[in-house]
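Q: What shape does this take:
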Amino acid sequence: MTPRTLPLIATLWGFKALAAFCPSYTPSSSSTSGDNCAIEAAVGTPPTLSEWTDIFAFVSRGPSAWGSDGPTAPNLTEGCNKPTAEHTVSARFPCELMKAIAYQESLWQQFCVPTGPADQTGKPAQTIISFDCGYGVGQVTSGMRLNESPSFDRSRVASQTVYNLATGMRILAEKWQTTHCVGDALTPTIEHWYVATWAYNGLASINNPANPSYSSTRGVWNPNVGGSRPYQEKIWGWMEHPPTSNHWPSLTAAYPDVSNLSAGSGAPAALGEPDCSTPTNCTTLRAQHTTGCWSTDAGPIDAGFDAGPIDAGFDAGTIDAGTLDAGFDAGFDAGTLTGTDGGDAGPVSDAGPYVQPPVSASPIDPRIGLVPPGCGCHAAPLGALASLAVLLLGRRRKSPARDVSTSRVTDKR
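A: Next up, the predicted model:
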């Protein structure tokens, strides 16, 4: 996809239009008969900005911290003999990266007042559920349809903010385990998560930085300007250009040298240490960043975020009512995607080959760029604002259908 000049109306709507967009295609809705979503939306109270900060700090510390508040997650293989020897560590995640991913996916929305479909509009805040069964802040999709039996608790994905976000991080851990090294593959180094982040959205050609659709002289993606980019470049752009300074401080993440990559789908070979200042400029260098998330004790926080007789907080329900999976991409990565991505075995995957529409047929959003049409969202007319937002609903995250708990694909060169 090639970035285009933004029409004025999209420039004026932009981010606030997306923030007001809240699909909730709960199974009992008359508009979801063909979607086969399995879990009903849960009523819940959206976390405040400061509460989100606590949630990210807690979940970033991984399953050793979240325990029963999240699903199981694999240990991570760290070190790529450059020079660190390969060894196993408990899964932890840079909160700086988590925040950017979650913002790209859902604008940090777990519960919101539904704007569609018509029979859900205006109800109290409930789980955001995309038309293709992506649930909650993480837009978890795989395992959330009828006749699927995932190893995580689907009801908690829909009803608990912490559990939802933790499930998304479990998927990211699986991606770390099944892709080649970036640099020395050290989990505290934010830039070493570059390919895992790429795989999180899918190893399709649309996310390959060597895709000829993208400018060979492009700079850092700025969400205030928009334009089409590989998913991981958008995440890096979000880290550098936060929505506000209250969300997170700007982090000028370095990029790996991808000049030798070939276009196409599939996982890239091992990449060197990231030190490029932009996706295409390695003449000017940047330093790498170590996460600052794990130096303090976030403590157990679920007691404040999921409403119910145990947790009187953000997710309403009998014990913890929140949502886990309505959508990491709840508006920023729009497109029609089918099939499998180049890196996941099994019947489902994270991305799938990208079906690219004609340029002239696609609308533009200032924080996204070219938006493919035809999402099939079924929403009843909600005015121009909702009509635009419906077109922005994109791919959803899916867990790989394979065991990644024991080994990581590495390249020892």
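Q: Tell me the spacing between Ser29 and Gln126.
A: If you measure Ser29 against Gln126 using C-beta to C-beta, to the nearest Å, the figure is 11 Å. For glycine as for every other residue, the C-beta is placed from the backbone atoms N, C-alpha and C.
Q: what do these two both touch?
A: Both Ser29 and Gln126 are in contact with Gln120, where contact means C-beta atoms under 8 Å, 6 or more residues apart in numbering.
Q: More neighbours: these two, which one.
A: Neighbour totals were compared for Ser29 and Gln126, and Gln126 leads with 27 against 21 (other C-beta atoms under 10 Å).
Q: And that one, how close does it get to Ala204?
A: Here the distance between Gln126 and Ala204 works out to 31 Å (C-beta to C-beta).
Q: With Gly266 instead?
A: As for Gly266, its distance to Ala204 is 9 Å (criterion: C-beta to C-beta).
Q: And these two? Which one has more around it.
A: Taking neighbours as other C-beta under 10 Å, Gly266 and Ala204 compare with Ala204 leading, 28 against 13.
Q: Hmm, the more buried one is touching Gly264, no?
A: No - the pair formed by Ala204 and Gly264 falls short of the contact definition of C-beta atoms under 8 Å, at 9.3 Å.
Q: ok, which stretches of the stretch 151-300 of the chain are strands?
A: Applying DSSP state E, counting those that start in this stretch to the stretch 151-300 of the chain gives no strands.
Q: what pLDDT, on average, does the helix ranked longest in the chain get?
A: Longest helix in the chain by number of residues (criterion: DSSP state H): helix 161-177. What helix 161-177 shows for mean pLDDT is 97.
Q: CA atoms only: put that helix into PDB for me.
A: Output of helix 161-177 as PDB, limited to C-alpha atoms (Å, rounded to 0.1, in the frame of the first residue of the first chain):
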ATOM      1  CA  THR A 161      -8.700  -6.600  31.500                       C
ATOM      2  CA  VAL A 162      -5.600  -8.100  33.000                       C
ATOM      3  CA  TYR A 163      -6.300 -11.600  31.700                       C
ATOM      4  CA  ASN A 164      -6.900 -10.200  28.300                       C
ATOM      5  CA  LEU A 165      -3.700  -8.300  28.100                       C
ATOM      6  CA  ALA A 166      -1.800 -11.200  29.600                       C
ATOM      7  CA  THR A 167      -3.200 -13.400  26.900                       C
ATOM      8  CA  GLY A 168      -1.900 -11.000  24.200                       C
ATOM      9  CA  MET A 169       1.500 -11.200  25.800                       C
ATOM     10  CA  ARG A 170       1.400 -14.900  25.800                       C
ATOM     11  CA  ILE A 171       1.000 -14.700  22.000                       C
ATOM     12  CA  LEU A 172       3.900 -12.300  21.800                       C
ATOM     13  CA  ALA A 173       6.000 -14.800  23.800                       C
ATOM     14  CA  GLU A 174       5.100 -17.500  21.300                       C
ATOM     15  CA  LYS A 175       6.300 -15.200  18.500                       C
ATOM     16  CA  TRP A 176       9.600 -14.600  20.300                       C
ATOM     17  CA  GLN A 177      10.100 -18.300  20.600                       C
END
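Q: Would you mind listing where this protein has pLDDT under the threshold?
A: 1-19, 33-34, 296-413 (pLDDT under 70).
Q: For stretch 101-116, measure first residue to last.
A: Distance between the two ends of stretch 101-116: 24 Å, counting by C-alpha to C-alpha, to the nearest Å.
Q: Residue numbering should commence at 678 henceforth.
A: From this message on, residue numbering opens at 678, which makes the last subject stretch 778-793.
Q: Go through stretch 881-896 and flag the buried ones.
A: Going by neighbour count (16 or more other C-beta atoms under 10 Å), the buried part of stretch 881-896 is Ala881, Ser882, Ile883, Asn884, Asn885, Pro886, Ala887, Asn888, Ser890, Tyr891, Arg895.
Q: And for stretch 788-805?
A: Buried residues in stretch 788-805, counting neighbours by 16+ other C-beta under 10 Å, are found at 788-789, 791-795, 797-798, 802-805.
Q: could I get the residues you listed as CSV with secondary structure and distance to Cys699?
A: Formatted as CSV, these follow (DSSP: H, G, I helix; E, B strand; the rest coil; distance: C-beta to C-beta, whole Å):
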residue, secondary structure, distance to Cys699
Phe788, strand, 9
Cys789, strand, 4
Pro791, coil, 5
Thr792, coil, 5
Gly793, strand, 8
Pro794, coil, 11
Ala795, coil, 13
Gln797, coil, 9
Thr798, coil, 9
Ala802, coil, 8
Gln803, strand, 9
Thr804, strand, 10
Ile805, coil, 6
